[in-house]
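A.B. asks: A predicted structure for the sequence below; I have some questions about it.
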Amino acid sequence: MAQRGRARGGARVWSPGVVAAGGPRAWRLPASLSGFAWAVRENLHRWVLVEAAPGRLLPWLPIAFGTGIAVYFTAPHEPLVSATIGLAVALALAALFARARPVAFPVVLGVAAAAAGFATATTKTALIAHPVLRHPAANVAIAGWVEVAEERERTDRIVVRVHKIEARRMDEAPERVRLSVRKGMAPPVGAFVELKARLNPPLTPLRPGGYDFSRDLFFQRLGASGFAIGPIKTAEPPAPPGYRLRYATFMEDLRNIIDRRIRAAVPGDAGSIASMLLTGKQDAISKPVNDALYISSLAHVLSISGYHMAVVAGIVFFAVRGLLALFPGVALRHPIKKWAACVALAAATFYLLLSGAQVATQRSYYMIAVVLVGVLFDRAAITFRTLALAAIAVLLLAPEAVVHPSFQMSFAATLALVAGYQHGSPFKRAGADTPLGARVALWGVREVASLIFASLLAGLATTPYAAYHFHRMAPYGVLANLLAMPVVSAIVMPAGLAALVAMPFGFDRTLWQLMGWGIDWMNAVALWVADLPGAVGRITAFGTGPLLLCTMGLIVLCLLRTPLRAIGAILVIVAAVWALRTPQPEIVIAEGGDPIGVRNAAGQFSIVKKGSDAFAAKEWLAADADARVPGDPKLIEGVRCDEIGCIARHAGGVIIALSLTAEALAEDCRQAAVVVTSRRPPPDCAAMVIDRAMRARTGALALRRVGDAWEVTPTRPAGYDRPWARAPPPSPNAAAPSTSPSSAPGKPPARDATPRVEDREVGD
């Protein structure tokens, strides 16, 4: 038997090559290879000890917590609150009893954190449970208070907290609804209004794996969306508004005052963006500028998040500290640094409330608050612990944020930047000890290099999430940020803050104009970059598997300090290959049966539709990395339509049909391979029929040809039933065609200000 020995750190190893006399001949490695294996084992053991050192595992707790929340959103049925809380408590007790075991304790603690995240999400859903409209309702009489008013490009949008609602047919009575109103006709926040509206269920995913707007609306406590019909009457409220509505009214009035002062000095897109940066008002921006900001990767400026909060807190901190330093008696006798931190925290809190406290803003505020509190207690500011505490705070209050692109991109960018700070920027102290290095630093080359490095880190970290949610990348993002962000940091935000301070005294106009000039420069950079060759980097849609694998790779790369970080790079590469090799659907069918996307012989989608709803087609084209837009004549090449339906030819030569009448259905059953209809198919139909009953159960569908059969991928798997996506009741009449004009395939229901890319906020 081989002898045993102990390696460094107490690890037990086997010494190969020593065999007991008279025993059987043992298999042994060559001396060189065995030494290599021993060295690998030793290094791995040492690296693991370093990574598991005291304090190194804390950043993994919010990761485990968020993983539990993510698992919650994959459940096909709503979990029981009591069961999830019981599991979390049991695992927490198990971790407490295992605290003396060096290996079992972190493992059990991580599992307990995941269970706590699962329980937190379940509890949050139960606490905000509210009715969600399941079928369109016309001519609905609504009376209630206006809680939110937004300006959009074509229409305005309001959120009404319902006091009274009446309709002839309505399966659920929502408590809050979001409505589109005519441009300039939105009542003020706090008004009690009476109106008629057309209501629709929240928008479901437009394709399997697509973004779920209905889930977002559920956690915003919105049960329906739609548009107002006729005049909106302001009436006396039947009861005084509550505290939350009075607070919302006060803050909205304050935002409107600031907005009017900005617009008086800065017209156009610059004024809209200036107001957005300070008040969070989602005002309309012209389409060319809006698209250019997204293409150039400058859209993060539009979402108040980490960058804005850091600039506000930083400017206030250094301004207050510098002002107090002018008085030697105060500076020498009192902790002016801590005083400045308190004032900066108050300013950040006011900015949070003024901007509407969106998720990205909350995350930024929590992190800035931790940093400033660290200053008060003389602790290091920019650490993984700071980011971990901010993440836990956000996920405790808004667990649904974990599946939102704003949260994902925001924390990915911040994690990469903190890792770069922790591991040391290569330009941080380059040449600082030499006269040449001092001269280089004097000219700002080192600062520019650091800015490029930070832009690269943040851009690379957010690329997987931009590709997953928006199906595009920004090849010139670093260039755009390098040209625009110094101006935003040095001119736009400081001028805006100074204007807020000067506004009560009436000296704010010049400062608003200075802010506008900086924004004009940013817009000019965005438009210039958007016009560069190859500025739009498109990528086909891929599943959550590659995204999760890439996320784990990013986490490993950023959190680990030893060469084990190389595992993260391997994971990222594998995820990228996996994403690029994701098979694309050959047919996509909207939940309403119209439109239909059919991949033609050229490998692109032809769009079959009779209605006017183009939002689904726009999403399909983006997910297919197709630059065409709805309305392009090439989208209907190979599609033939008449009064009774449409047909298109698939790349494999078979016919895909949209049948509107019984006559068309009978004919298409004989000739087509796939038939989409709202009618009940005849028993002898030879085609694969996608009828209304099937679509009601599955939502939008994606089909791929596998041999002689079609592989069907539904948006909602069989039995899926969540509060924001209720399963249809098992009624024998579920498949019966409706006589309502709103349900006819040729007339898809209108929706409230159809969700846009901007509704999925982008944060940094």
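C.D. replies: Yes, it's here.

A.B. asks: For the closest residue to A702 other than its chain neighbours, which three-state class applies?
C.D. replies: Nearest non-adjacent residue to A702, counting by Cβ to Cβ, 6 or more residues apart in numbering: P585, 3.7 Å away. From N, CA and C alone the C-beta is placed, and that goes for glycine too. Put simply, P585 is coil when judged by DSSP: H, G, I helix; E, B strand; the rest coil.

A.B. asks: what ranges do the helices span in the stretch 201-350 of the chain?
C.D. replies: 213-219, 243-265, 268-279, 287-295, 306-325, 328-333, 336-354 (DSSP state H, counting those that start in this stretch).

A.B. asks: mind checking which of those is nearest M503?
C.D. replies: Nearest to M503 among these is helix 243-265 (6.1 Å), distances taken as Cβ to Cβ.

A.B. asks: what comes up buried for that closest one?
C.D. replies: 245, 248-249, 251-252, 255-256, 258-259, 261-263, 265 (16 or more other Cβ atoms under 10 Å).

A.B. asks: quick one: contacts of that helix?
C.D. replies: For helix 243-265, the surrounding residues in contact (Cβ atoms under 8 Å, 6 or more residues apart in numbering) are 145, 147-149, 161, 188-190, 241, 271, 274-275, 278-281, 283, 353-354, 356, 499-500, 503, 508-509, 512-513, 515-516.

A.B. asks: Partner strands of the top strand by length along the chain, with direction?
C.D. replies: Longest strand in the chain, counting residues (DSSP state E): strand 137-151. Next to strand 137-151 in the sheet, as set by DSSP bridges, lie strand 156-166 (antiparallel), strand 192-200 (antiparallel).

A.B. asks: quick one: it to chain centroid distance?
C.D. replies: Put simply, strand 137-151 sits 27 Å off its chain's centre (Cα atoms, centre = their mean, to the nearest Å).

A.B. asks: continuing past the host helix or strand of T510, what's the next helix or strand?
C.D. replies: Taking DSSP states H and E as the definition, one finds T510 inside helix 509-530. Remark: after helix 509-530, the chain's next helix or strand is strand 537-538, criterion DSSP H and E.

A.B. asks: which residues are in contact with that following strand?
C.D. replies: Against strand 537-538 from outside (Cβ under 8 Å, 6+ apart): H471, R472, M473, A474, P475, A622, A625, D626, A627.

A.B. asks: pLDDT below threshold where in the stretch 401-550 of the chain?
C.D. replies: Applying pLDDT under 70 to the stretch 401-550 of the chain flags the ranges 424-448, 451.

A.B. asks: would you list every one of the strands in it?
C.D. replies: For the stretch 401-550 of the chain, the strands defined by DSSP state E, counting those that start in this stretch occupy 472-473, 537-538.

A.B. asks: what's the pLDDT at R46?
C.D. replies: Predicted confidence (pLDDT) at R46: the value is 84.

A.B. asks: if I've got this straight, it is in a helix?
C.D. replies: Yes. Membership of R46 in a helix is supported by three-state DSSP.

A.B. asks: separation between it and V40?
C.D. replies: Computed as Cβ to Cβ, to the nearest Å, the R46 to V40 distance reads 11 Å.

A.B. asks: ditto for T120
C.D. replies: Per Cβ to Cβ, T120 is found 41 Å from V40.

A.B. asks: thinking again about what came up before, please indicate which of the strands paired with strand 137-151 has the most neighbours on average?
C.D. replies: Highest mean neighbour count among the strands paired with strand 137-151 (mean count of other Cβ atoms under 10 Å): strand 192-200, with a mean of 22.

A.B. asks: tell me the average confidence for it?
C.D. replies: 93.

A.B. asks: what's next to that strand, contact-wise?
C.D. replies: Outside strand 192-200, the residues touching it (Cβ under 8 Å, 6+ apart) are 133, 136-146, 160, 163, 167, 170, 174, 177, 179, 187, 224-238, 749-752.

A.B. asks: Generate a PyMOL selection restricted to the buried entries among those.
C.D. replies: Of those, the buried ones go into a single PyMOL selection, burial set by 16+ other Cβ under 10 Å:
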select buried, resi 133+136+137+138+140+142+143+144+145+146+160+163+167+170+174+177+179+187+224+225+226+227+228+232+237+749+751+752
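
A.B. asks: Could you break this structure into its assigned domains?
C.D. replies: The chain breaks down into these domains under automatic domain parsing: 4-48, 60-127, 137-241, 255-534, 544-580, 587-743.

A.B. asks: weakest of these in terms of mean pLDDT?
C.D. replies: domain 4-48 (a mean of 55).

A.B. asks: Make a markdown table out of the buried residues of helix 243-265 and add distance to F407.
C.D. replies: Output for these, formatted as a markdown table (distance: Cβ to Cβ, whole Å):
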| residue | distance to F407 |
| --- | --- |
| L245 | 27 |
| A248 | 23 |
| T249 | 29 |
| M251 | 23 |
| E252 | 25 |
| R255 | 24 |
| N256 | 29 |
| I258 | 27 |
| D259 | 27 |
| R261 | 32 |
| I262 | 29 |
| R263 | 31 |
| A265 | 34 |
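
A.B. asks: returning to what we had before: let me have the strands paired with strand 137-151 in TSV, adding distance to D668 as columns.
C.D. replies: TSV is the format used below for the strands paired with strand 137-151 (distance: least, Cβ to Cβ, whole Å):
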stretch	distance to D668
strand 156-166	40
strand 192-200	29
